[in-house]
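*Asks:* model this:
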Amino acid sequence: MTDISSKYDNAPELQSLGLGKQTTYDSSFDAKLLQGVPRSLNRDGLNLTESLPFHGTDLWTGYELSWLNAKGKPVVAMANFSVPFDSDNLVESKSFKLYLNSLNQHKFNDSVDVQTQLIKDLSLCANGKVSVELVLAKDFGQQTIVAPQGHNIDELDIVIDNYHFSNKYLIGSVEEKSQVIEEKLHSNLLKSNCLITNQPDWGTVEIHYVGPRINREALLRYLISFRQHNEFHEQCVERIFCDLMAFCQCKKLSVYARYTRRGGLDINPFRSNFSQAPINQRQARQ
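*Replies:* Below is the predicted model of the structure:
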């Protein structure tokens, strides 16, 4: 079976990205380091029109944020970023890391100026209103670790012999006349690969739905089938959402994936047609 990600091979939107190319690290602040990828690149293939079937946000956590104060003394902080689901672009992660690193030797009067600069530059890149919350070093100890919500389906004793993506695992995964229930499930076995570099992306996915009961074995096989699949984090979550809506007759659905960090950033996309976006709180593996 042809991997869906092959449709990206000659996409002109990806040709200019620095991802997967040798990079020179410059200590000068440069907002032009940020690069966006049109969300339409993935959504067109999912037949998503302007009237999207979900709302949500891409929650990012920056663990390696630093700048200089007005006297040249380094300041360190963490940051929570929220990129809206309806922005024209997602923010490409390598460019995001390079951009944040370019702040390291740049002077700012205070943290408010840093926050203002981040909001301005990221909103321009995403072509949408990005929100930024800074967590200063004095507040690091207040950060909490939370557990995934719902029942873990990873202990199911199943045989897996195919690791190519397929949504066919979801065919017949609900009974036609089954009772409508509300259920929360999660799996730590989500793994996909970077669209450009093929580097592994590890994540935990939480699924909250109202609808006929989903067969858990079918769902786990489907999630494991992402193991050799190449797409960005945000694209994988939207694909999961669309497939569950199409095959599992969900009346209400939320899909939330929390990926492990790389280069000081984690990406946590959330898509839902009934729940509000969660607070950005990291899990133990992050």
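
*Asks:* Now do the same for Val83: helix, strand or coil?
*Replies:* Per DSSP: H, G, I helix; E, B strand; the rest coil, the local secondary structure of Val83 is strand.

*Asks:* now it: how far from Arg262?
*Replies:* 17 Å (Cβ to Cβ, to the nearest Å). In this view, the C-beta of every residue, glycine as well, is placed from N, C-alpha and C.

*Asks:* Going by how many neighbours each has, rank those two and give me the top one.
*Replies:* The neighbour count for Val83 versus Arg262, taken as other Cβ atoms under 10 Å, is higher for Val83 (26 against 16).

*Asks:* which ones are touching the more buried one?
*Replies:* Counting by Cβ atoms under 8 Å, 6 or more residues apart in numbering, Val83 touches Thr57, Asp58, Trp60, Leu90, Val91, Leu122, Ala126, Gly128, Val130.

*Asks:* 7 Å instead, please
*Replies:* By Cβ atoms under 7 Å, 6 or more residues apart in numbering, the contact list for Val83 reads Thr57, Asp58, Leu90, Val91, Ala126, Gly128, Val130.

*Asks:* go on, Pro278?
*Replies:* Neighbouring residues of Pro278 by Cβ under 7 Å, 6+ apart: Tyr256, Phe270.

*Asks:* That one: which element?
*Replies:* Take DSSP states H and E as the rule and Pro278 turns out to sit in neither a helix nor a strand.

*Asks:* Next one: it relative to Thr144, how far apart?
*Replies:* Plainly put, Pro278 is 13 Å away from Thr144 if you go by Cβ to Cβ.

*Asks:* Find the residues that touch each one of those two.
*Replies:* Here Pro278 and Thr144 have no joint contacts, going by Cβ under 7 Å, 6+ apart.
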